[in-house]
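J.: have a look; sequence and predicted model below, questions after that.
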Amino acid sequence: MAVDRSLRFPRTMTRRGLLIGGGAGVGLLIGWGAWPRTYRPNLNATRDERIFNAFVKIGMDGHVTVVVPQVEMGQGVYTTLPQIVADELGADWRTIGVEPAPINPLYNNSLFVEEWDGDNGERQGLTNLWLLRDGLMVTGGSTSVRGFEDRLREAGAAARALLCVAAAKRWDADWRACDTGSGFVTRGEDRVRFGEIAAEAATAKLPRDIGLREGRNNRLTGQSLPRLDAPSKVDGSAQYAADIRLPDMVYASIAQGPIGNTRLKSIDRRAAERIAGVLAVVQTDGWVAVVATNWWTANTALLAMRPKFETTGGLADDRKIDAALDAAFENGTRITSIGDVGAAFRGAQVLTAHYRIGLAPHAAIEPVSATAAIDHGEMQLWIGTQVPGLAGQAAARAIGLDPAKVTVHPMLIGGSFGRRYEIEIAAQAAILAQKMKRPVQLVWSRAEDMRQDRFRPAAAARMAARMAPGGRIEAWLGKIATPATTAELKARIVGSVGAHEAMTAQAGVSVPASVAGAVPPYAIPNVAIDLHPAGIGVPTGDWRGRAHGASAFFTECFIDELAASQGIEPFSFRMGLLGDNPRLALCLSKCTSLGGWNGGGPGTAQGLACHSMAGSHVAVMAEARIGDDGRVKVDRLVAVVDCGEIINPDIVRQQVAGGMIFGMSAATGAAVSIERGLAGPEQLGALRLPRLVDAPRIIIELVGTPHRAGGVGELSVAPVGPAIANALFAATGRRYRSLPLLAPIGGMETKS
């Protein structure tokens with residue numbers, strides 16, 4: 001199903017292509033092309049509230065509830081998405097509330113499905129059609145605004161039209177002569193509040209050819225409206241999965257085996273049963289859990305049992321990962337080919353450099369948790385997840401329950417960064433609730449959360465380029481070895497296989513998403529990107545920015561090295577190659593001006609990097625050095641962002657700043673080590689994450705452009721690592737070619 005990618009917003013809508021509103025009994029239809037079915041909303045409404053369509057409810061007191069199909073995990077969707085609806089509706093922001101969307105194909109994220117397998121938008125036929133029709137409500141991939149803005153604007157416009165119809169009927173006027181603003185329907189001097197006519201409007205017939213709002217006057221779009229989720233997070237009333245409290249509820253902690261084909265071998269059950277408050281020990285082939293009257297008791301008993309696991313086959317470790325990446329270069333697949341790199345390299349001097357990226361943790365502040373309750377053959381599941389539909393299906397499948405009997409409550413998430421795509425805890429909580437015949441809240445310990453993370457994949461790159469006179473690049477070759485992470489993730493959450501099975505099945509599989517963002521944004525006539533699939537023996541998962549973090553590191557570090565080889569300062573070198581990319585060139589130019597770029601020469605401690613993804617563009621300047629303690633110290637980060645139309649500037653700035661801190665954390669610490677199948681460290685404190693005192697001064701400028709809104713949640717993560725690495729070269733004269741930036745590595749080579 002194609003999605004319009006034009007830069008011009010549609011200004012009229014027909015009833016066939018629109019979300020068609022009616023009363024709660026009338027329901028809602030949406031056209032899905034050739035799909036042989038229609039879907040109706042399954043929203044609930046109070047006695048004094050009316051359902052207008054799948055995204056809008058209005059109360060008799062004038063409150064407007066926006067149904068949000070994306071999960072709030074700190075990125076601000078509980079504000080930006082309602083802001084889109086409120087803007088089209090003409091609502092008063094003070095009356096806006098939020099409600100998470102129930103499981104329904106109406107809320108599926110088609111853009112995410114299109115982009116799942118790579119930037120080329122390839123889709124896998126029947127598999128992806130099933131995902132759209134039956135399960136993939138998903139938050140991620142910087143798709144929230146990009147994927148839902150049109151639908152939300154149409155929903156707001158439809159509700160506005162119905163309110164105008166109801167008001168016009170009262171005034172015996174043409175509905176097209178009416179408008180809305182600040183929660184009123186207006187016509188000249190006539191005014192009526194939304195709440196006064198909500199009941200009449202919800203049952204009115206939707207007019208034809210409803211237009212979207214034009215112009216920028218009196219609009220909510222572009223305003224830094226206050227976040228709707230902030231008050232509850234400040235006063236502590238916000239509810240996360242571990243905050244759920246139910247009558248007769250018990251608590252569980254769990255232990256799972258090391259990485260690999262692992263099964264539970266033995267436990268000291270009596271050691272757990274001797275601890276007061278322990279209610280049960282539940283074990284499967286792959287894990288053991290203790291259920292108790294409180295979580296602390298459950299976890300204490302779990303540790304006392306000293307569970308032992310046995311692993312068939314070799315145990316993963318750091319040396320084997322490095323060896324697997326190096327071996328992967330023996331076989332590869334050409335993912336991108338522009339011009340003829342082979343011909344350009346033949347007989348020419350070629351500059352080469354090698355780079356490496358280690359595993360990285362998600363390290364979200366909230367450990368994985370879920371609460372399950374089963375009553376009369378129906379289950380309720382409270383869980384922080386990016387894929388609520390698939391989580392519900394996993395829970396149902398684990399205990400042989402009809403998925404239609406599962407109600408999923410998507411909770412606020414305390415940070416995810418891709419970790420909450422994983423849904424194994426849904427099945428575990430369901431099994432425990434069935435065994436106990438009472439509600440069970442399962443919370444992984446911090447150590448368990450760290451050990452069982454699905455890390456950012458390790459990667460290695462062999463870069464090569466041929467230079468041309470005048471500082472131009474004649475040819476570019478990027479050979480990247482990395483696992484098929486996207487295929488692994490899909491196998492786990494859609495194919496319902498375990499982490500080891502998914503990893504084993506996808507070893508050696510070539511997936512374009514593994515090298516997303518690897519094509520440089522510069523004008524180079526001959527470009528080739530080769531993917532070398534690597535089976536590293538460690539399950540990997542989605543990580544904020546996906547492959548773009550690795551791709552930007554390889555590209556922007558190599559660009560800096562090429563500039564140095566030509567004796568050209570890094571800013572001028574890049575600008576000379578960005579003639580075909582004016583949006584990114586503008587970001588880079590503004591960034592250097594804003595940051596006071598002084599050439600990036602020896603001793604300046606300044607570095608640059610830029611990147612484009614998800615329809616947005618960013619340039620970053622870093623000032624960094626090696627501190628007295630031998631650790632990387634980042635003093636300043638400057639970013640200029642062009643993300644097209646901006647819904648809420650403050651939230652964009654928050655995402656850009658948060659992304660830079662996240663990227664800095666991964667660049668200067670957060671190293672993961674694997675020994676004998678065990679991942680470490682097991683505590684946040686051991687990751688050497690930056691503290692408040694380590695936080696750099698951050699300067700951000702947003703470039704407003706008329707293009708469609710692009711993604712920002714992951715955008716600034718990618719260029720921070722290479723910008724810091726390039727700054728360290730300016731500060732020390734040594735190249736840092738691996739992430740984390742723990743030690744300088746090697747130099748550029750010239751080959752003929």
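T.: Looks like it came in fine.
J.: I'd like the next helix or strand past the host helix or strand of residue 574.
T.: Per DSSP states H and E, residue 574 falls inside helix 570-575. Going down the chain from helix 570-575, the next helix or strand is helix 582-595, by DSSP H and E.
J.: for the next helix or strand after that next one, packing partners?
T.: For helix 582-595, the succeeding helix or strand toward the C-terminus, using DSSP H and E, is strand 606-613. Where contact means 3 or more Cβ pairs under 8 Å, 6 or more residues apart in numbering; DSSP states H and E, strand 606-613 is packed against helix 548-565, helix 570-575, helix 582-595, strand 616-626, helix 717-732. For every residue, glycine as well, the C-beta is placed using N, CA and C.
J.: need these in TSV with distance to residue 635, mean pLDDT and mean neighbour count, can you?
T.: Formatted as TSV, the helices and strands packed on strand 606-613 follow (distance: least, Cβ to Cβ, whole Å; pLDDT from 0 to 100; neighbours: other Cβ atoms under 10 Å):
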stretch	distance to residue 635	mean pLDDT	mean neighbour count
helix 548-565	19	98	26
helix 570-575	18	98	20
helix 582-595	11	98	20
strand 616-626	5	98	27
helix 717-732	9	98	28
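J.: wait, which of the ones you listed is closest to residue 199?
T.: strand 616-626 (42.1 Å; Cβ to Cβ).
J.: angle of that closest one against helix 582-595?
T.: 40 degrees (axes from the mean of the first three to the mean of the last three Cα atoms, to 10 degrees).
J.: ok, back up a step: want to throw the helices and strands packed on strand 606-613 into TSV with distance to residue 465?
T.: Converted to TSV, those look like this (distance: least, Cβ to Cβ, whole Å):
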stretch	distance to residue 465
helix 548-565	6
helix 570-575	12
helix 582-595	19
strand 616-626	21
helix 717-732	16
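J.: any idea which of those gets closest to residue 446?
T.: helix 717-732 (23.2 Å).
J.: gap between the closest one and the chain center?
T.: 24 Å (Cα atoms, centre = their mean, to the nearest Å).
J.: next structured bit after that helix?
T.: Tracing the chain C-terminally past helix 717-732 and defining elements by DSSP H and E, one meets strand 738-739 next.
J.: neighbouring strands of that following strand in the sheet, and parallel or not?
T.: strand 350-357 (parallel) (DSSP bridges).
J.: packing partners for the helix holding residue 574?
T.: Short answer (3+ Cβ pairs under 8 Å, 6+ apart): helix 570-575 packs on helix 548-565, helix 582-595, strand 606-613.
J.: tell me which residue is most central in this structure.
T.: residue 140 (3.4 Å; Cα atoms, centre = their mean).
J.: helices of the stretch 201-350 of the chain, start to end?
T.: 230-235, 269-273, 295-305, 318-328, 341-345 (DSSP state H, counting those that start in this stretch).
J.: would you list the ones you listed in JSON lines and tack on mean pLDDT and distance to residue 176?
T.: Converted to JSON lines, those look like this (pLDDT from 0 to 100; distance: least, Cβ to Cβ, whole Å):
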{"stretch": "helix 230-235", "mean pLDDT": "95", "distance to residue 176": "38"}
{"stretch": "helix 269-273", "mean pLDDT": "97", "distance to residue 176": "71"}
{"stretch": "helix 295-305", "mean pLDDT": "98", "distance to residue 176": "59"}
{"stretch": "helix 318-328", "mean pLDDT": "97", "distance to residue 176": "63"}
{"stretch": "helix 341-345", "mean pLDDT": "98", "distance to residue 176": "59"}
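J.: can you tell me the element residue 490 falls in?
T.: helix 485-493.
J.: out of the helices and strands packed on helix 570-575, nearest to residue 667?
T.: That would be, of the helices and strands packed on helix 570-575 and by Cβ to Cβ, helix 548-565, which comes in at 8.6 Å.
J.: so which elements touch that closest one?
T.: strand 350-357, strand 459-468, strand 472-482, helix 570-575, strand 606-613, helix 717-732.
J.: just put those in CSV and tack on distance to residue 403.
T.: Output for the helices and strands packed on helix 548-565, formatted as CSV (distance: least, Cβ to Cβ, whole Å):
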stretch, distance to residue 403
strand 350-357, 38
strand 459-468, 36
strand 472-482, 34
helix 570-575, 51
strand 606-613, 34
helix 717-732, 34
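J.: quick one, which of the ones you listed is nearest to residue 506?
T.: Set against residue 506 and scored by Cβ to Cβ, those come closest in strand 472-482, at 11.8 Å.
J.: buried sites along that closest one?
T.: 472-482 (16 or more other Cβ atoms under 10 Å).
J.: other SSEs contacting it?
T.: By 3+ Cβ pairs under 8 Å, 6+ apart, strand 472-482 packs against helix 318-328, helix 341-345, strand 459-468, strand 526-533, helix 548-565.
J.: report the distance from the second one to the chain centre.
T.: Looking back up the chat, that one is helix 341-345. Counting by Cα atoms, centre = their mean, helix 341-345 comes out at 37 Å from the chain centroid.
J.: what does it contact?
T.: 464, 466, 474-477, 525-528 (Cβ atoms under 8 Å, 6 or more residues apart in numbering).
J.: now with 6 Å, please.
T.: 466, 474-475, 477, 526, 528 (Cβ atoms under 6 Å, 6 or more residues apart in numbering).
J.: show me which positions of that helix end up buried.
T.: For helix 341-345, by 16+ other Cβ under 10 Å, it's 341, 344-345.
J.: picking that back up, so the residue nearest to the centre of the chain sits right up against residue 387, yeah?
T.: No - the pair residue 140 / residue 387 is not scored as a contact, 8.4 Å apart, by Cβ atoms under 6 Å.
J.: picking that back up, and of the helices and strands packed on helix 570-575, who's closest to residue 718?
T.: helix 548-565 (3.8 Å).
J.: gap between that closest one and the chain center?
T.: On Cα atoms, centre = their mean, the centre of helix 548-565 falls 24 Å from that of its chain.
J.: again, but for stretch 392-400
T.: The answer for stretch 392-400 is 25 Å, by Cα atoms, centre = their mean.
J.: re the thing from before, what about the helices and strands packed on strand 606-613, which gets the closest to residue 457?
T.: Between those, helix 548-565 lies closest to residue 457; by Cβ to Cβ that is 7.9 Å.
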